[in-house]
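K.L.:
need a 3D model of the sequence below.
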Amino acid sequence: MIEYSKIKIKGDKKNSDFFFKYLDEIYKFRKENKIDLNIKNIHHFVIQTKSEFAVSLICEWLMQSPYNYEFSFVHELKRHHVLRFNDQSPDILIQENLSPEEDFVFFQNSLNPKSKENPNIKFIGEVFEVTDLKKLDGILTNTQKVKFQDPLPDKFYDDYIHWTTPSIYTHNSIGYKQRPNAQRTYLMDQEWNFDDEAKARFKLSKDMFNNLSLNKYVLPIDHFATRIYSHDRELAILEYLTLTNYWFWGAYNIGDQNSSTNVCRNLQGDPESISPAKVFTANNTPAFLSFLDGLPCPTENFVQLYGRRLHHFALGVTDGFIGDESKNYRNVDYVVDQLKNSHMQFLDHVIGSCQEGLKQIFSKKSAHSLLITEYIQRCNEFDGFFTKENVAALTKAAGDDDLIT
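P.N.:
Sure, this is the predicted structure:
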């Protein structure tokens, strides 16, 4: 486990005295109450979509990532479809709301012009494994005054998920669950099965991924990025640190895009493929002041159109090159070329170079999840998530697309 005293914050984005005061106090409180020992890695992510989109969204993940479809189940008027890479990396749960009543996702999405076109599509949040759920709930509820969607029952089933209410800063929730045994399991009311046609589509999608040899290069989720308003940036980061065992890695100012990228990493020190980093992106100055400084506002434009929400998942790509190294045809170049030939659309060409440390690219956002997929290759053990030049180009490309789509 990483020691707080050894943390050297990276980046050139300035934070307030308020931020650092409470950052230190949060770390101290977590250590005193052994929260960092209680909370483990992320168990799974939850993405909600429309029922008619579920099969297509699963096919996207099978074709574009190393995840495999495992099984489906129904629990409390929600249908879930489990995608898994292995027992160490977080699962992805595709969720359908089966209730005739609108849920909080519907009302959140109704606030913004683009999201209200698809009011049932949204990233819900991440679920952490914990050692002692009852003890953690006592600290979060009684001392920290964290609000949960339901009180923790006196007696709860194995695999019960204790969800916080959606954050006012990110509109995402965080869940906690005790893992009853070594095998990764879920609390379910009943199993559920797709028909043969859907299963055939799943097989075709995964076969395409493997036949193109993408299974040799594409890794599981590396990081996931939320877009928020400028005035919420420090508060959203601090709130996340009060609810998890993550630590503030650093932040970089992307001046020409009027934006900053802020990274939190898991305290366990595991690689991102096991414990993905959490990224917060926000404007430097509010969009309503853009007419004064003449700078673009791609990040806040997205939030105004789609609401506070997750913007993208990034998938890692193994380091290396294809063919003669002098031709500089890297693994990520091969992956993207194969996906383009399979009709996946991207916002730009592969950005960056191994001389700079990494290469990365954004896809167009999925119509079935409203999420972008990033592919990122770190070269020569580069310890970071972007270069300033890369993230500026990615931010601009995504912003231009938001204004079109």
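K.L.:
list the contacts of residue 94.
P.N.:
47, 49, 54, 57, 58, 61, 80, 81, 83 (C-beta atoms under 8 Å, 6 or more residues apart in numbering). Any C-beta I mention is one placed from the backbone N, CA and C, and that applies to glycine too.
K.L.:
may I ask which of the residues you listed has the most neighbours?
P.N.:
Among these, residue 61 has the most neighbours (other C-beta atoms under 10 Å), with 27 neighbours.
K.L.:
got the contacts of residue 94 as TSV, with secondary structure, pLDDT and distance to residue 152 columns?
P.N.:
What follows is the contacts of residue 94, written out as TSV (DSSP: H, G, I helix; E, B strand; the rest coil; pLDDT from 0 to 100; distance: C-beta to C-beta, whole Å):
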residue	secondary structure	pLDDT	distance to residue 152
47	strand	98	25
49	strand	97	28
54	helix	98	30
57	helix	98	31
58	helix	98	32
61	helix	98	32
80	strand	98	21
81	strand	98	27
83	strand	98	28
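K.L.:
report the two of those separated the most.
P.N.:
Greatest spatial distance among the contacts of residue 94 (C-beta to C-beta): 61 and 80, at 13.9 Å.
K.L.:
strands of the stretch 151-300 of the chain, start to end?
P.N.:
162-163, 173-178, 190-192, 218-228, 246-254, 259-266, 277-283 (DSSP state E, counting those that start in this stretch).
K.L.:
list the helices and strands the shortest one packs on?
P.N.:
It refers to strand 162-163. strand 173-178 (3 or more C-beta pairs under 8 Å, 6 or more residues apart in numbering; DSSP states H and E).
K.L.:
returning to that earlier point: among the strands of the stretch 151-300 of the chain, which is nearest residue 106?
P.N.:
Among the strands of the stretch 151-300 of the chain, the nearest to residue 106 by C-beta to C-beta is strand 173-178 (14.8 Å).
K.L.:
which neighbouring elements make contact with that closest one?
P.N.:
Against strand 173-178 (3+ C-beta pairs under 8 Å, 6+ apart) you get strand 39-49, strand 122-130, helix 133-137, strand 162-163.
K.L.:
can these go into JSON lines with extra columns for distance to residue 116?
P.N.:
Shown next, in JSON lines, are the helices and strands packed on strand 173-178 (distance: least, C-beta to C-beta, whole Å):
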{"stretch": "strand 39-49", "distance to residue 116": "15"}
{"stretch": "strand 122-130", "distance to residue 116": "11"}
{"stretch": "helix 133-137", "distance to residue 116": "34"}
{"stretch": "strand 162-163", "distance to residue 116": "23"}
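K.L.:
among the ones you listed, which comes closest to residue 362?
P.N.:
Between residue 362 and these, the tightest spacing by C-beta to C-beta is seen for strand 122-130, at 16.3 Å.
K.L.:
partners of the closest one in the sheet?
P.N.:
strand 39-49 (antiparallel), strand 173-178 (parallel) (DSSP bridges).
K.L.:
sorry, back to before: with respect to residue 199, which of the helices and strands packed on strand 173-178 lies nearest?
P.N.:
With C-beta to C-beta as the yardstick, what comes closest out of the helices and strands packed on strand 173-178 is strand 39-49 (18.4 Å).
K.L.:
any residues touching stretch 289-309, and which ones?
P.N.:
108-109, 111-115, 122-123, 169-172, 226-230, 232, 256-259, 281-283, 285-287, 311, 370, 395-396, 398-400, 402-403.
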